[in-house]
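Trainee: What shape does this take:
(2 chains)
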Number of protein chains: 2
Amino acid sequence: MSAAAPAITPEDRQAALEARLRQVGVLRYHDKHPFHRLLHSGGCTIDQVRAWVVNRYYYQSRIPMKDAAFMSRVEEPGLRRAWRARLEDHDGSDSQPGGISRWLRLAEGVGLDPAYVASCEGVLPATRFAVDAYVRYVREQPLLQAVAASLTELFAPAIHEERIAGLLRHYAFANPDTISYFQHRLKEAPKDVAFGLAWVLDQAKTREQEDMAVAALEFKTDVLWAQLDALYGAYVAPGLIPPGAWRPDQGLMR
Amino acid sequence: MSAAAPAITPEDRQAALEARLRQVGVLRYHDKHPFHRLLHSGGCTIDQVRAWVVNRYYYQSRIPMKDAAFMSRVEEPGLRRAWRARLEDHDGSDSQPGGISRWLRLAEGVGLDPAYVASCEGVLPATRFAVDAYVRYVREQPLLQAVAASLTELFAPAIHEERIAGLLRHYAFANPDTISYFQHRLKEAPKDVAFGLAWVLDQAKTREQEDMAVAALEFKTDVLWAQLDALYGAYVAPGLIPPGAWRPDQGLMR
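Mentor: The predicted structure follows:
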């Protein structure tokens, strides 16, 4: 007769799922991408930083649309209420600037015309395709996956710390004003992700649901990675800028 | 008194729009992409050809879904009827293989397991994002733009001719069987595009509609170009394969 298997408690299951989710970050988060290594170590030219600012703005600009799409599908007032702060963090309020306007301060800091950046004109098509895929994913997939996809924020504070230190050390444009976006995210992201992680761990009750949550987080890491691949290919190596995308003489401040 | 401006006939308008559409091809079609130059001149390694076959399969596989999405929105039986041949061209019939199975013959010809290719497992995320953006575009945008986006077929015969000649000259895997996909497209594409072009020229009656048609075709050239950028970045230079994408030892025939 074989011994009875030890009972698996809900806490065990949740701990195992959290470990799987964190492992996705270890293997696939974009802190491993060579573009970030270049940026944080001072290896980027000002044009490469500008290309990053132009393209990453598109991602920033779509995040509140993604959050609104999510809330439009949530029936439970408490969940919508918990989520709502994200809109304010990005869009700001009458008295407070939000993440998007902080990003435009960074744009100005690197010599770009913020109106040009906000127009999204020079954004790489591949950036649009990846970011739009994320917004649609959140609009269409089960809520469990929509929330799980947001959990890349688990891995964001470490990269933001590294970025703040790297930008301040290596680039003349970097100062507390121009990089205030990242300072604010250091405070905002942990609170968002603590809520999202607890919600996913609570909702994923079957193996299939656990797998869905992991797949959603992998999808999101693909969205982030693909943006840096496109940036790298266009502006670092091989340096092949696709038709219609930003070129180093465009969108500069007068 | 100024002389009266000469009357602009509908034929003039249509000729001017056709010229604008053809100019999109001159400036932005992916025959100008360095990956195609490499492929057609014999400069690709077999692994680079395989990466192209794996990724381009995803595009092939989504084209009939795109066409079905289009037909699902068309109220006019005649237009659906005219469009229907595209499904048969790609999906085949009981007696005839279609474009998708011909593509899998190419996959076999380059040493890939066709079941692996058909699984779409190793497809680059950026390929998925771009191709999915096209399917959704056709599902959501005005019919005029959905049809105009298909007009990249205007520029396809020239690239197919060049590809057939280049593959046969430079690669041991190329023979009339393995490259039959392209031979068939030489016959199919011109008939499809003649219909699509006439329809767009007929439907676009205002300047705004003309601009919409041109923008749709530009969007589609972005979809094609972004796929080659991703392929080039992952498998040619800098050769940075994203997490989870096909690696040269995967999916081979036993």
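Trainee: Show me which residues of the stretch 101-250 of chain A sit near chain B.
Mentor: A:124-126, A:128-130, A:132-133, A:136, A:218, A:221-223, A:225-226, A:229-230, A:232-234, A:236-238, A:240, A:242-244 (Cβ under 8 Å from any Cβ of the partner chain). For every residue, glycine as well, the C-beta is placed using N, CA and C.
Trainee: Narrow those residues to those that are buried.
Mentor: A:124-126, A:128-130, A:132-133, A:218, A:221-223, A:225-226, A:229-230, A:232-234, A:236, A:240, A:242-244 (16 or more other Cβ atoms under 10 Å in any protein chain shown).
Trainee: Count the neighbours of A:K187 for me.
Mentor: 10 (other Cβ atoms under 10 Å in any protein chain shown).
Trainee: Where does it fall, secondary structure wise?
Mentor: helix A:180-203 (DSSP states H and E).
Trainee: Residues contacting that helix, please?
Mentor: A:14, A:17-18, A:21, A:79, A:82, A:85-86, A:89, A:99, A:102-103, A:105-106, A:143-144, A:147-148, A:150-151, A:153-154, A:156-157, A:160-161, A:163-164, A:167, A:176, A:209, A:213 (Cβ atoms under 8 Å, 6 or more residues apart in numbering or on different chains).
Trainee: Tell me the helix or strand right after that helix.
Mentor: helix A:207-235.
Trainee: looking only at pLDDT, what's the mean for whichever strand or helix holds A:I100?
Mentor: Using DSSP H and E, A:I100 sits within helix A:99-109. For helix A:99-109, mean pLDDT is 97.
Trainee: what angle sits between that helix and helix A:180-203?
Mentor: With axes from the mean of the first three to the mean of the last three Cα atoms, to 10 degrees as the basis, helix A:99-109 and helix A:180-203 are set at 150 degrees to each other.
Trainee: Helix A:99-109 packs against which elements?
Mentor: Applying 3 or more Cβ pairs under 8 Å, 6 or more residues apart in numbering or on different chains; DSSP states H and E, one finds that helix A:99-109 makes contact with helix A:46-71, helix A:77-91, helix A:114-119, helix A:180-203.
Trainee: which one is A:N55 nearest to, not counting chain neighbours?
Mentor: A:T127 (4.7 Å; Cβ to Cβ, 6 or more residues apart in numbering or on different chains).
Trainee: on that earlier part again, which of the helices and strands packed on helix A:99-109 is buried the deepest?
Mentor: helix A:46-71 (a mean of 20; mean count of other Cβ atoms under 10 Å in any protein chain shown).
Trainee: angle of that one against helix A:77-91?
Mentor: Counting by the same axes, to 10 degrees, helix A:46-71 lies at 160 degrees to helix A:77-91.
Trainee: Now do helix A:46-71, average pLDDT.
Mentor: 98.
Trainee: Give me the helices and strands touching that helix, please.
Mentor: Against helix A:46-71 (3+ Cβ pairs under 8 Å, 6+ apart) you get helix A:34-40, helix A:77-91, helix A:99-109, helix A:114-119, helix A:125-140, helix A:143-149, helix A:207-235.
Trainee: Mind doing that once more with 6 Å?
Mentor: For helix A:46-71, the packing partners by 3 or more Cβ pairs under 6 Å, 6 or more residues apart in numbering or on different chains; DSSP states H and E come out as helix A:77-91, helix A:99-109, helix A:125-140, helix A:207-235.
Trainee: Can you add distance to B:D249 and give the ones you listed back as JSON lines?
Mentor: Listed next are these as JSON lines, based on distance: least, Cβ to Cβ, whole Å:
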{"stretch": "helix A:77-91", "distance to B:D249": "42"}
{"stretch": "helix A:99-109", "distance to B:D249": "41"}
{"stretch": "helix A:125-140", "distance to B:D249": "26"}
{"stretch": "helix A:207-235", "distance to B:D249": "21"}
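Trainee: looking at those, which is closest to B:I8?
Mentor: For the helices and strands packed on helix A:46-71, the distance to B:I8 is smallest for helix A:125-140, at 33.7 Å, taking Cβ to Cβ.
Trainee: Pull the residues that contact the closest one.
Mentor: In this structure, residues lying in contact with helix A:125-140 by Cβ atoms under 6 Å, 6 or more residues apart in numbering or on different chains are A:55, A:58-59, A:62, A:65-66, A:69-70, A:146, A:223, A:226-227, A:230, B:126, B:129-130, B:133, B:222, B:226.
Trainee: ok, residues contacting stretch A:141-158?
Mentor: So stretch A:141-158 is contacted by A:21, A:25, A:29, A:70, A:138, A:186, A:189, A:192-193, A:196, A:199-200, A:203, A:212-213, A:216-217, A:220 (Cβ under 6 Å, 6+ apart).
Trainee: what about 8 Å?
Mentor: With Cβ under 8 Å, 6+ apart as the test, stretch A:141-158 has contacts from A:21-22, A:25, A:29, A:31, A:70, A:73-74, A:134, A:137-138, A:185-186, A:189-190, A:192-193, A:196-197, A:199-200, A:203-204, A:209, A:212-217, A:219-221, A:224.
Trainee: Ok, stretch A:112-122 next?
Mentor: A:50, A:53-54, A:57-58, A:61, A:103-105, A:107-108, A:244-247, A:250-254.
Trainee: ok, now how distant is A:I63 from B:P238?
Mentor: Distance of A:I63 to B:P238, given as Cβ to Cβ, to the nearest Å: 28 Å.
Trainee: ok, now A:A126?
Mentor: Counting by Cβ to Cβ - A:A126 and B:P238 are separated by 15 Å.
Trainee: now A:T45
Mentor: Counting by Cβ to Cβ, the gap from A:T45 to B:P238 is 16 Å.
Trainee: next one: A:Y171
Mentor: From A:Y171 to B:P238 the distance is 23 Å (Cβ to Cβ).
Trainee: now do A:K191
Mentor: A:K191 is 37 Å from B:P238, by Cβ to Cβ.
Trainee: Angles on the backbone of A:L112, please.
Mentor: Per-residue torsions, A:L112: phi -90, psi 150 (degrees, to the nearest 10).
Trainee: Which strand residues bridge it?
Mentor: A:L252 (DSSP bridges).
Trainee: roughly how far out does stretch A:119-131 sit from the chain middle?
Mentor: Mean C-alpha position of stretch A:119-131 versus that of the full chain (Cα atoms, centre = their mean, to the nearest Å) differs by 15 Å.
Trainee: average pLDDT across that stretch?
Mentor: On average, stretch A:119-131 scores 98.
Trainee: Quick one: end-to-end length of that stretch, please.
Mentor: 16 Å (Cα to Cα, to the nearest Å).
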